[in-house]
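K.L.:
model the structure of this input:
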Amino acid sequence: MMNVDLQQERASATIDSEDFAQWWAGGKTNLEQRRSLESQFFNDPQFDDVIPASCLSYKERYEHSVARGTQFLHKLRQWFSEKQGKNNVCDLNTLQEFRFLLSGPLGTGLFQQSFPLRLHFSMFVSTLLNQGTEEQQRKWLSRAWHMDGIIGTYAQTELGHGSYIRGLETRADYDAEHEEFILNTPNLTAYKWWPGGLGQTANMVVVLGQLYVGEKHCGLQSFLVRIRDEQTHEPILGVDVGDIGPKLGANCVNNGYLGFQNVRIPRDQMLMKNAQVTSDGKFIQSGQPLLLYGTMVFVRVITVRDVMFELLQAGTIATRYSAVRRQSPIEPGKPEPQILDHLTQQAKIFPQLARGVSYRLVADWLWQFYQNVMQTLEKKDSALASDSLAELHAVSCCLKAVATQEASEGIDILRKACGGHGYMASANFDSIYGLATAAYTYEGEYTVLLLQTARFLVRQYVDSLKRKILPGSVTYLRDVSRLVWGKDLVENCVRSLEIASLEQIRLAWQCQKEQRKRGLGVEQSNNLAGRQLVAAATAHAHAFLTRTTVRELRRIVSGLKPSVAGILTQLMELFVLDTFLRQAGQVLRWNSINGRQLRQVEQRFEQLLSKLRPNAVALVDGFDFHDRVLGSTLGAYDGRVYERLMAEARRNPLNQETVNSSFYSHLQPMMRGKL
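P.N.:
Numbers count the residues shown, from 1 in each chain. Next up, the predicted model:
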């Protein structure tokens, strides 16, 4: 039985959700294939939850996720092998596709709090692929891809060091006599801390540690280390490993700690694609040193798509609930309207949907850029490779930082838009928010990443003054013309954001120069200019996001059905205007925009909300999230919010008995004065 309000919403929409869903999935064939795969899992009774996951203990959640995770991977591998056929080998595209099956809609539908085998594919296998030699890949990659006796993770962050990678303390000393590396954790802060799957699941890890050959320090390097016996799963002698405990979210990931005491590994278990240690103890740098951080770059690139998915999950829940919930008459004496009819509610929800669609367009561009850079690196063109890698690093840093921040904020706005019911665990905002906000910090903390982008931007600004050729992402730094307010509001807003970015970068550069004139060194000058540098990178991210969204949509729009093209154009425009308004402080600081022009933007923003209102439910239907993927009593397709809330409450283990034992053991004696 369908909620009548949702029925009416779908009947009166002017877009076809199925048309949108086909575009969103990358075509009709992809959509049908994904739905078929999801049905194989979501209709399988072995993947049903008898008890709500939120009612399980931390230990029970882990054990449940391992049991389900192994069943999931077994069934998924069978399907994937049939699909890939003889091409079922591990390359970059295959890894990305398989990873998205694990962490995208399908994986989320089965694991709302993620699961401990996720990092095996997203970081462990990708590191072998990108940093192992051909010989090492022949030995390890196939076993890792098929999980033949190997479950891996990636151990970088330590208890005392996170985003400052060069400060890591784990030590690997080369013993030339035995051709082995000896790994040690010299103190408590050197313990590896946070790797997913490390606690109880993984038996091998890629470890980042400081390499010493004799007395010579050779910098950070990656080592492949067995930490648990392949047969018994007991920790190897000298390995101290365990789980770090409950967190704000993602409580099935099994994040762990790891320490070493004189753990020896063979020389060929240093990943040697870009640096080697010969048998007699000579250190040779043979590739791009920055590629040591290639796994982090890969994760940053795909994180933009991850948080897009989480933001749109939350947006779908809030939109459907807002079409069902009736409250607060707009006119006295009239019936309570759907809260989605309130302009203030639309202003909370619709910009988040627009932002999610923008992230999708930008994430697709970023993935293609990443692939192009990786291909350039394979060609060994050192100058071109270095320039491309620097731009990729800068772009992925600022996009990852800003996207994770805005997605986290957006998800919480959407939760609050659902009132008190949004606070219920059964609404599932807690799981969605937990995953998104974790991304704000992992693989590069927000501020640290922005500072890295800022250094790149200042260098490019200086190059622009010297009339050098600039990378594509910063070509606007050459355009020093002032804003000319025209009829195209989208172009007005994008251009004003670019000008604000240029001027903020200039200000950051000037701040650095002023500190240097005072006699301070480069590092201290950068520290004191830190606020301006972060503001510059943030401004660049907003300018880049809006310009890329406009460009990418205009590139594909001619091939879309008119209704799909129409709503995407509205969403693109809403995203640009919303970004402009949210960044109004920076925009007005650096542009001559009067009150009338600002009001034009505000009025058009409100017009777009009204234009999107009739198609809001049809739009989120077009994202095609299965009810299992949303996992929400508020966001199910049928809109039976109140029935689902009550049914979920009745499933609560506390309600399986009318009187809890604590009444007899504690409450009753207290009331009778017998404590």
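K.L.:
contact partners for residue 75?
P.N.:
When contacts are counted by Cβ atoms under 8 Å, 6 or more residues apart in numbering, residue 75 touches 40-41, 44. No exception for glycine: its C-beta is placed from N, CA and C like everyone else's.
K.L.:
now, among these, which is nearest to residue 299?
P.N.:
Relative to residue 299, the closest of the contacts of residue 75 is residue 41; by Cβ to Cβ it sits at 25.3 Å.
K.L.:
could you pull out the strands for the protein?
P.N.:
152-155, 171-175, 180-184, 192-193, 204-213, 216-226, 239-243, 256-260, 263-266, 275-277, 283-285 (DSSP state E).
K.L.:
what about the chain, any weak spots by pLDDT?
P.N.:
Along the chain, segments meeting pLDDT under 70 span 85-89, 287-293, 380-385.
K.L.:
redo that, cut-off 80
P.N.:
By pLDDT under 80, the low-scoring segments of the chain are 83-93, 96, 286-295, 377-386.
K.L.:
and the contacts of residue 75, which is closest to residue 342?
P.N.:
Among those, and counting by Cβ to Cβ, the member closest to residue 342 is residue 41, at 37.8 Å.
K.L.:
for the strands of the chain, which one sits closest to residue 517?
P.N.:
Per Cβ to Cβ, nearest to residue 517 of these: strand 216-226, 33.2 Å.
K.L.:
report the buried residues of that closest one.
P.N.:
Residues of strand 216-226 classed as buried by neighbour count (16 or more other Cβ atoms under 10 Å): 218, 220-226.
K.L.:
just want the angle from it to strand 239-243.
P.N.:
Here strand 216-226 points in a direction 60 degrees away from that of strand 239-243 (axes from the mean of the first three to the mean of the last three Cα atoms, to 10 degrees).
K.L.:
give me the angle between strand 216-226 and strand 171-175.
P.N.:
Using the same axes, to 10 degrees: strand 216-226 against strand 171-175 is 100 degrees.
K.L.:
packing partners for strand 216-226?
P.N.:
Here strand 216-226 touches helix 126-131, strand 180-184, strand 204-213, strand 263-266, strand 275-277, going by 3 or more Cβ pairs under 8 Å, 6 or more residues apart in numbering; DSSP states H and E.
K.L.:
pull the distance from that strand to the chain's centre.
P.N.:
Chain-centre distance of strand 216-226: 27 Å, with Cα atoms, centre = their mean, to the nearest Å.
K.L.:
export it as CSV, just CAs?
P.N.:
This file holds the C-alpha atoms of strand 216-226, laid out as CSV (Å, rounded to 0.1, in the frame of the first residue of the first chain):
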residue,chain,number,x,y,z
LYS,A,216,71.5,6.1,6.2
HIS,A,217,67.9,7.2,6.4
CYS,A,218,66.2,6.5,3.1
GLY,A,219,62.8,8.0,3.8
LEU,A,220,59.4,6.4,4.0
GLN,A,221,58.9,3.1,2.1
SER,A,222,56.1,0.5,1.8
PHE,A,223,56.6,-3.0,3.1
LEU,A,224,54.4,-6.1,2.8
VAL,A,225,54.2,-7.7,6.2
ARG,A,226,52.4,-10.8,7.4
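K.L.:
okay, which residue is most central for this protein?
P.N.:
residue 303 (2.9 Å; Cα atoms, centre = their mean).
K.L.:
and the gap between residue 593 and residue 498?
P.N.:
With distances taken as Cβ to Cβ, to the nearest Å, residue 593 is found 14 Å from residue 498.
K.L.:
and the two? which has more neighbours close in?
P.N.:
residue 498 (23 against 19; other Cβ atoms under 10 Å).
K.L.:
tell me how many other residues surround residue 8.
P.N.:
Per other Cβ under 10 Å, the neighbour tally for residue 8 reads 13.
K.L.:
tell me who's in contact with it.
P.N.:
Counting by Cβ under 8 Å, 6+ apart, residue 8 makes contact with nothing.
K.L.:
can you check the one 4 residues further on too?
P.N.:
Residue 12 is in contact with residue 614, counting by Cβ under 8 Å, 6+ apart.
K.L.:
can we see that at 10 Å?
P.N.:
Residues near residue 12 by Cβ atoms under 10 Å, 6 or more residues apart in numbering: 614-615, 617-618.
K.L.:
need the phi and psi values for the nearest residue to residue 419 once chain neighbours are set aside.
P.N.:
Using Cβ to Cβ, 6 or more residues apart in numbering and skipping residues adjacent in sequence, the residue nearest residue 419 is residue 325, 7.5 Å away. Main-chain torsions, residue 325, degrees, to the nearest 10: phi -70, psi 130.
K.L.:
could you measure from residue 325 over to residue 575?
P.N.:
26 Å.
K.L.:
swap in residue 90?
P.N.:
Residue 90 is 36 Å from residue 575, by Cβ to Cβ.
K.L.:
just want to know which of these two has more residues nearby.
P.N.:
Counted by other Cβ under 10 Å, residue 90 and residue 575 do not tie: residue 575 has more neighbours, with 29 against 19.
K.L.:
residue 311 is in contact with that one, correct?
P.N.:
No. Assessed by Cβ atoms under 10 Å, residue 575 is found out of contact with residue 311, at 12.0 Å.
K.L.:
what is in contact with these two at once?
P.N.:
Residues touching both residue 575 and residue 311 (Cβ under 10 Å, 6+ apart): 352-353, 355-357, 359.
K.L.:
out of these, which comes closest to residue 174?
P.N.:
residue 359 (44.3 Å).
K.L.:
could you check how far the closest one is from residue 616?
P.N.:
Taken as Cβ to Cβ, the span from residue 359 to residue 616 is 19 Å.
K.L.:
who's more crowded, the two?
P.N.:
residue 359 (26 against 22).
K.L.:
ok, now how distant is that one from residue 247?
P.N.:
Counting by Cβ to Cβ, the gap from residue 359 to residue 247 is 24 Å.
K.L.:
got the contacts of residue 12 as JSON lines, with neighbour count and distance to residue 316 columns?
P.N.:
Below are these laid out as JSON lines (neighbours: other Cβ atoms under 10 Å; distance: Cβ to Cβ, whole Å):
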{"residue": "614", "neighbour count": "14", "distance to residue 316": "17"}
{"residue": "615", "neighbour count": "23", "distance to residue 316": "14"}
{"residue": "617", "neighbour count": "27", "distance to residue 316": "9"}
{"residue": "618", "neighbour count": "22", "distance to residue 316": "12"}
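K.L.:
what are the phi and psi angles of residue 253?
P.N.:
phi -80, psi -20.
K.L.:
give me every residue that touches the closest residue to it other than its chain neighbours.
P.N.:
Spatial nearest neighbour of residue 253, chain neighbours left out: residue 196 (4.2 Å); criterion: Cβ to Cβ, 6+ apart. Listed by Cβ under 10 Å, 6+ apart, the contact partners of residue 196 are 114-120, 122-124, 153-154, 202, 250, 252-256, 438, 442.
K.L.:
the same query, at a cut-off of 7 Å, please.
P.N.:
Listed by Cβ atoms under 7 Å, 6 or more residues apart in numbering, the contact set of residue 196 reads 116, 118-119, 153, 253-255.
K.L.:
picking up where we left off before, shouldn't the residue nearest to residue 419 be in contact with residue 339?
P.N.:
Yes. Here residue 325 reaches residue 339: they are 5.0 Å apart, a contact under Cβ atoms under 7 Å.
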